[in-house]
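[1] Output the structure for:
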Amino acid sequence: MSINDEYTFESAIQQLESIVQELESGEVSLTRSVELYSRGKELYEYCNKVIEDIELKIEIRE
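    Model (predicted):
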């Protein structure tokens, strides 16, 4: 299942915020930090793509 099937933009942002909080807590193992970073990067890329698609739609309509 891809991120597109798992999340809406809003839920992906919420997950990213949760990941940031967990990483900033300073109580995360190195292994967990790498897992969180990897997931966060996937979510960031998904959110960025959604924003780029919306910007393109806006530009086309202008």
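[2] In the chain, where is pLDDT below threshold?
    In the predicted model of the chain, residues 1-5 satisfy pLDDT under 70.
[3] Tell me which residue is most central in it.
    Nearest to the geometric centre of the chain sits Leu43, at 2.3 Å (CA atoms, centre = their mean).
[4] which residues does that one contact?
    Taking CB atoms under 8 Å, 6 or more residues apart in numbering, we find Leu43 in contact with Ile3, Tyr7, Ala12, Gln15, Leu16, Ile19. Heads up, the C-betas are built off the backbone N, CA and C, glycines and all.
[5] let's go with 10 Å and repeat that
    Ile3, Glu6, Tyr7, Ser11, Ala12, Ile13, Gln14, Gln15, Leu16, Glu17, Ser18, Ile19 (CB atoms under 10 Å, 6 or more residues apart in numbering).
[6] Pull up the gap between the last one and Ser33, please.
    Right, the one you point to is Ile19. Distance, Ile19 to Ser33, by CB to CB, to the nearest Å: 10 Å.
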